[in-house]
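> Generate a structure from the sequence data that follows.
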Amino acid sequence: MLTSTLGRAPGQPPQQSRPGAPETAGPHRMQFLFRAAALLLALIIAVVDTFTDFDGAVAVLYVVVVLLAARTFRRLDIIVAGTGGIVLTIAAYLNSHGLNHVGSPTVRALVSLAAIGITALLALQNQSATRRLAAQARLLNLSHDMIFVRDHQGVINFWNRTAEDAYGWPASMALGRVADDLLQTRYPDRREAIEAELLTTGSWDGTLEQKTQAGATLVLESRWVLQRDHHGRVTGVMETHRDVTDRKAAYTALVSSERRYRRMFDASRIGVIQEDWRAVRTELTAQGLMDGPALTAHLAQHPEFIGQVRKLTAVDDMNPAFLAMVGRPGAAPEPYSVDDILCEDDRMFARSLTAFAQGDAFHEGETEVVHADGSRVPVLFTITFPPADDLDGSVLVFVVDITERRQAQDALLLAQTELAHAARVATLGELTASIAHEVNQPLMAVVTSGDAGMRWLRRPQPDLHEVELAMERIISEGRRASEIVKRIRAFLSKAPVQQAALDIGAVIEEATRLVAHELTRERVALQVDIEPGLPLIMGDRIQLQQVLVNLMVNASQAMSGQSQARQLSVSARRHDDGLVAVTVGDTGPGIAPDDLERLFDPFFTTKPQGMGMGLPICRTSAQAHGGSLTVDNTPGAGAAFTLTLATTQGNLSA
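As a prediction, the model looks like this:
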């Protein structure tokens, strides 16, 4: 095979110029020079062969003309050079010897013609083979993989364009170098074992590492193919490499992330359930229910549909915390569905399903899950939904056992009830004198009316009309005493809250009666101002009495011992938003600024013998009645507590 003009090794296809590189006039100039040299040599040979008596086979030199034409890599040039050499040889022979002379010149002419023809044919074959090799080289250069060819000793004799770009070594610097030395190759196994497998099977596949000219390490998927000649001898090895550095890094990151997720999943003290909602999405889509309002309407008409969807919601995994929560510690996850976990009367799954259908990212709520022993475990859950374009359909549910919290809430409610009752008893202790005064008044009236009636009867002429009036007063005062006793018993009882329409003026009047003796003893002047025509309020008479009594007693005690006037005012006015506002104000020293923010905190008190529960209970009662309890304070000039209460008109309008 002929050697190319570009300095390639025999048989090696020419390296192609890079796309986008500026074209040079070098190849065209070389073609012109070789063409001109071939033409000039052909003329010289023709002149010598025609016009001299030289007996040698001068015409055989036309072979050199054909070889020069072959260096232009043009098929036409070879054909023209070969044909021209043959024509000139025949013309020179005829000119010198004619047709009738046969001898040694004839043999020399035939030898020259044969040499010219054979050389031209070989040149054409070589050019055809070179074109095929060049086409193959161009295809290799178009590959996105790094490809190079080396001999059995590892010396590189072909280096494609992708290899230049990826490794940073141009072909001029890579050709002739040992591949392992140039690229600092690191193999997954001993090199000898890899070479042995290559020689045995003819190929090798694996992953290896190589370095670029800049020193960067590339992770490569490599395939080696052994090249042999027709005698079976090894002529070279073609190595194809694909850069998987980013893919390996991504895989490594994925594995690390998966391990981290699994570690968090297993180690979390919060229960975690991994569910598969792909079947749910398919079912909702098939029925056209991937819409919140449409699904809500469908569930209202077909409540049994929620049970079908619960069975479609597969449970893929449960972490140890959740397994322990439901009494299955260490149990391997079974092919559960949500229907096996939730209670039969659960209502939160329907809400979660609606949130999923309308595209919410998450949903929160409280529900109960089934324990292994059949009992129920109250839990707080958060369920996270994948986006609509996520085909994985994996849903995570985070579950917190709130059994202890619910027990604590129940205990707290019980404690609050007991404290409220204790506060009422304590208040009763403070108001014993007032209660005695309240009960004593109707009893004294009964005695007085009874004595008067007896006197009217003992007259010589009994006055029955006066006796009748005395008896009516006795009956009236007896009923009054009975009502006072009933009110005190109700005040002390732990009966449930009784909401009713109440006249706030009457409630205030009853409360002031309870504290009248206390106010008299403390020399406190009471002023009551109730706006006429106030709407009825909704509430519990006893609780509201307790609130007002507590506020008035606190005000009376705040003014205890001061020399200036002790004035307690109770007023009732219309408030914004259909509420009624009752204000209890005093002229005491007011509340210290440092105590104002903590005034309604449980167990905070400024009294030496106080429990610190009066005001918190009062605020809780106000909030239970749809209102509020606030305080306005002027240090040195007194404090005013404002109780706002909902009215029957406000409730109707709401």
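> Just checking the distance from stretch 514-522 to the centre of its chain.
Stretch 514-522 sits 65 Å away from the centroid of its parent chain (CA atoms, centre = their mean, to the nearest Å).
> Same question for stretch 233-247.
41 Å.
> ok, now stretch 206-219?
The chain centre lies 36 Å from the centre of stretch 206-219; the measure is CA atoms, centre = their mean.
> Same question for stretch 531-547.
51 Å.
> now the helix or strand harbouring residue 285: mean pLDDT?
Using DSSP states H and E, residue 285 maps to helix 278-286. Taken as a whole, helix 278-286 has a mean pLDDT of 89.
> Can you list the buried residues in that helix?
For helix 278-286, a neighbour-count test (16 or more other CB atoms under 10 Å) marks 278, 280, 281, 283, 284 as buried. C-beta: built from backbone N, CA, C; applies to glycine.
> As JSON lines, those with distance to residue 475 would be great.
Listed next are these as JSON lines, based on distance: CB to CB, whole Å:
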{"residue": "278", "distance to residue 475": "81"}
{"residue": "280", "distance to residue 475": "75"}
{"residue": "281", "distance to residue 475": "78"}
{"residue": "283", "distance to residue 475": "76"}
{"residue": "284", "distance to residue 475": "74"}
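> wait, which of the residues you listed is closest to residue 46?
For the buried residues of helix 278-286, the closest approach to residue 46 (CB to CB) belongs to residue 278, at 87.1 Å.
> Would you check how far apart the residue lying closest to residue 361 once chain neighbours are set aside and residue 394 are?
Distance criterion CB to CB, 6 or more residues apart in numbering; nearest residue to residue 361, sequence neighbours excluded, is residue 385 at 6.1 Å. Distance, residue 385 to residue 394, using CB to CB, to the nearest Å: 10 Å.
> Neighbour count: these two, which is higher?
More crowded of residue 385 and residue 394, by other CB atoms under 10 Å: residue 385, with 21 against 15.
> is it true that the more buried one touches residue 360?
Yes. Using CB atoms under 8 Å, residue 385 is in contact with residue 360, at 6.5 Å.
> that older thread, following element in sequence after the helix holding residue 285, please.
Beyond helix 278-286 in the direction of the C-terminus, DSSP H and E gives the next helix or strand as helix 292-301.
> Buried ones in that next one, by neighbour count?
Quick answer for helix 292-301 (16+ other CB under 10 Å): 292, 294, 295, 296, 298, 299.
> what does the model give the second one for pLDDT?
What that stands for is residue 294. Value for residue 294, per-residue pLDDT: 90.
> got a list of what it touches?
288, 357 (CB atoms under 8 Å, 6 or more residues apart in numbering).
> Looking at stretch 531-541 now, give me its mean pLDDT.
On average, stretch 531-541 scores 87.
> got the buried residues for that stretch?
Those would be 534, 535, 537, 538, 539, 540, 541, for stretch 531-541 by 16+ other CB under 10 Å.
> Okay, helices next: where are they in the stretch 101-250 of the chain?
Secondary structure of the stretch 101-250 of the chain (DSSP state H, counting those that start in this stretch): helices at 104-142, 161-167, 171-174, 179-183, 191-201, 245-267.
> Quick check: which of the ones you listed is buried the most?
Each of the helices of the stretch 101-250 of the chain was scored by mean neighbour count; the highest is helix 161-167, a mean of 20, by mean count of other CB atoms under 10 Å.
> Where is the longest strand in the protein?
strand 217-228 (DSSP state E).
> Now do that strand against helix 245-267, angle only.
130 degrees (axes from the mean of the first three to the mean of the last three CA atoms, to 10 degrees).
> List the contacts of strand 217-228.
146, 149, 166, 194, 198-199, 202-212, 234-245, 248.
> change it to 6 Å
198, 202-211, 234-245, 248 (CB atoms under 6 Å, 6 or more residues apart in numbering).
> Same check on stretch 318-325?
265, 266, 268, 269, 271, 272, 273, 329, 331, 333, 399, 401.
> quick one: the strands in the stretch 301-450 of the chain?
314-318, 362-370, 376-384, 394-401 (DSSP state E, counting those that start in this stretch).
> Dump these into TSV; add mean pLDDT and distance to residue 187 as well.
Shown next, in TSV, are the strands of the stretch 301-450 of the chain (pLDDT from 0 to 100; distance: least, CB to CB, whole Å):
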stretch	mean pLDDT	distance to residue 187
strand 314-318	87	40
strand 362-370	89	50
strand 376-384	90	46
strand 394-401	89	39
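> do you know which of the ones you listed lies nearest residue 50?
Taking the strands of the stretch 301-450 of the chain one by one with CB to CB, strand 394-401 is closest: 93.0 Å.
> Could you check the angle that closest one makes with strand 362-370?
Strand 394-401 and strand 362-370 are oriented at 60 degrees to each other (the same axes, to 10 degrees).
> Tell me the buried residues in strand 394-401?
Result for strand 394-401 [16+ other CB under 10 Å]: buried residues 395, 396, 397, 398, 399, 400, 401.
> Could you single out the nearest of those residues to residue 595?
residue 400 (37.1 Å).
> Now that closest one: closest residue in space, sequence neighbours ignored.
Using CB to CB, 6+ apart, the closest residue to residue 400 is residue 380 (4.7 Å).
> what about the one you found, distance to residue 411?
18 Å.
> more crowded one of the two?
residue 380 (16 against 10).
> OK, contacts around the more buried one?
Residue 380 neighbours (CB under 6 Å, 6+ apart): 366, 400, 402.
> Could you dump the residues you listed into CSV with distance to residue 83 added?
Below are those laid out as CSV (distance: CB to CB, whole Å):
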residue, distance to residue 83
366, 100
400, 97
402, 102
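> With respect to residue 607, which of those residues is nearest?
Using CB to CB, the contacts of residue 380 come closest to residue 607 at residue 402, 37.1 Å.
> could you measure the residue lying closest to residue 391 once chain neighbours are set aside against residue 254, distance?
Spatial nearest neighbour of residue 391, excluding adjacent residues (CB to CB, 6+ apart): residue 278 at 7.8 Å. To residue 254, residue 278 is 21 Å away according to CB to CB.
> same question, residue 280
For residue 280 relative to residue 254 (CB to CB), the value is 27 Å.
> again, but for residue 92
80 Å.
> Just the mean pLDDT for the helix or strand containing residue 619, thanks.
Using DSSP H and E, residue 619 falls within helix 614-624. When pLDDT is averaged along helix 614-624, the result is 78.
> How much space separates residue 217 from residue 162?
18 Å.
> With residue 276 instead?
For residue 276, the distance to residue 162 - CB to CB - is 43 Å.
> From the chain's centre, how far out is stretch 361-376? Work that out for me.
Counting by CA atoms, centre = their mean, stretch 361-376 comes out at 23 Å from the chain centroid.
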